[in-house]
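A.B. asks: take this sequence and fold it.
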Amino acid sequence: MSELFQTGGLPDKRQVAASFSRAADSYDSVAALQRKVGSALLARLPATPSPQRWLDLGCGTGHFSRALGERYGAAEGVALDIAEGMLRHARPLGGAQQFVVGDAERLPLRDASCDLLFSSLALQWCADFAAVLGEARRVLRPGGVLAFSSLCVGTLQELRDSWQAVDGFVHVNRFRRFGDYRQLCAGSGLQVLSLETQAEVLHYPDLRSLTHELKALGAHNLNLGRPGGLTGRARMLALLAGYERFRQAQGLPASYQVVYGILRKEN
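C.D. replies: Next up, the predicted model:
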């Protein structure tokens with residue numbers, strides 16, 4: 001272990017970590033989109049030699065750590081997440097040899113220590129994506145690959161628009177623009193093999209089903225500037241009326257704009 005990890009403290013992201021720690025037990029029951037996106041990211045991995053060591057960055061409950069462990073059986077696997085509660089859930093289920101608390105913007109790993117960094121629907125919570133890319137470049141060995149999925153502007157747009165009709169507060173998580181991903185990846189020093197967006201739309205019978213799912217995922221509003229306290233009845237009724245304008249035959253839609261990126265550290 002000494003040849004892999006380095007010491008150093010984490011940035012103070014206690015709110016994000018606490019939210020996902022609380023959601024650890026409920027996460028898998030409502031993670032259909034997360035499973036679909038992660039599987040699509042696995043399918044996008046280039047057909048390169050099997051890694052000697054892989055990192056599941058933002059591993060959550062460890063679903064894809066186990067998938068990576070099955071795919072690369074002989075390799076050493078490291079599952080990393082900022083939320084200790086997620087790691088407590090994932091560790092008994094296996095898949096990786098190491099389960100580590102860590103931050104994608106400041107990885108507690110040695111330089112040139114990994115061949116594959118896999119990260120599905122975690123990096124949207126990182127404010128400094130340039131730092132994430134810099135850390136990926138640092139810890140990847142020459143020829144190593146960063147494969148990530150994330151979210152960009154347009155995600156939960158129906159909910160955002162419905163709240164905008166009610167008040168001016170920040171009720172929905174903000175996401176960076178796809179153009180920002182493109183610019184940051186291009187300037188990362190990593191070779192961009194592919195970078196694309198794909199829309200996913202889920203449908204719900206009512207707004208309560210959507211908001212309960214977001215809470216169960218730990219993905220409810222984590223923005224600075226969000227309103228405190230309870231939402232009044234009149235404002236909630238206005239929100240419900242606003243969201244009903246988007247209703248389709250399948251139910252109330254919730255749109256996600258998914259970013260898929262495959263980058264490689266050149267030799």
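
A.B. asks: correct me, but residue 42 touches residue 64?
C.D. replies: Yes - using Cβ atoms under 8 Å as the test, residue 42 is close enough to residue 64 to be in contact (7.2 Å). (Each C-beta comes from the backbone N, C-alpha and C, glycine too.)

A.B. asks: these two - which one has more neighbours?
C.D. replies: Comparing residue 42 with residue 64 by other Cβ atoms under 10 Å, the one with more neighbours is residue 64, at 25 against 16.

A.B. asks: check contacts around that one.
C.D. replies: 38, 42, 56, 118, 120 (Cβ atoms under 8 Å, 6 or more residues apart in numbering).

A.B. asks: now do the shared contacts for residue 42 and residue 64.
C.D. replies: Joint contacts of residue 42 and residue 64 (Cβ under 8 Å, 6+ apart) are residue 118.

A.B. asks: hmm, back to that, can you tell me which two in the contacts of residue 64 are farthest apart?
C.D. replies: Spatial extent of the contacts of residue 64 (Cβ to Cβ) is set by the pair 42 and 56 at 11.0 Å.

A.B. asks: ok, and the most crowded of the contacts of residue 64?
C.D. replies: So for the contacts of residue 64 (other Cβ under 10 Å), the most neighbours sit at residue 56, 30 neighbours.

A.B. asks: hmm, residue 121 and that residue touching each other?
C.D. replies: No - Residue 56 lies out of contact with residue 121 (Cβ under 8 Å); the separation is 11.9 Å.

A.B. asks: which helices and strands sit right next to the helix or strand where residue 212 lies?
C.D. replies: For residue 212, the element it lies in under DSSP states H and E is helix 207-217. Judged by 3 or more Cβ pairs under 8 Å, 6 or more residues apart in numbering; DSSP states H and E, the packing partners of helix 207-217 are helix 24-27, helix 233-244, strand 252-264.

A.B. asks: can you put these in JSON lines and add mean pLDDT, distance to residue 80 and mean neighbour count?
C.D. replies: As requested, those are exported to JSON lines (pLDDT from 0 to 100; distance: least, Cβ to Cβ, whole Å; neighbours: other Cβ atoms under 10 Å):
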{"stretch": "helix 24-27", "mean pLDDT": "50", "distance to residue 80": "15", "mean neighbour count": "18"}
{"stretch": "helix 233-244", "mean pLDDT": "86", "distance to residue 80": "36", "mean neighbour count": "14"}
{"stretch": "strand 252-264", "mean pLDDT": "96", "distance to residue 80": "18", "mean neighbour count": "21"}
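
A.B. asks: quick one: closest of those to residue 106.
C.D. replies: That would be strand 252-264 among the helices and strands packed on helix 207-217, by Cβ to Cβ, at 18.9 Å.

A.B. asks: for the closest one, which strands pair with it and how are they oriented?
C.D. replies: Looking at strand 252-264 with DSSP bridges, its partner strands are strand 140-151 (antiparallel), strand 191-204 (antiparallel).

A.B. asks: please, which helix or strand holds the closest residue to residue 72 other than its chain neighbours?
C.D. replies: Nearest residue to residue 72 in three dimensions, chain neighbours excluded: residue 50, at 5.1 Å (Cβ to Cβ, 6 or more residues apart in numbering). Assigned by DSSP H and E, residue 50 belongs to neither a helix nor a strand.

A.B. asks: surely residue 50 meets residue 77?
C.D. replies: No - judged on Cβ under 8 Å, residue 50 makes no contact with residue 77 at a distance of 11.7 Å.
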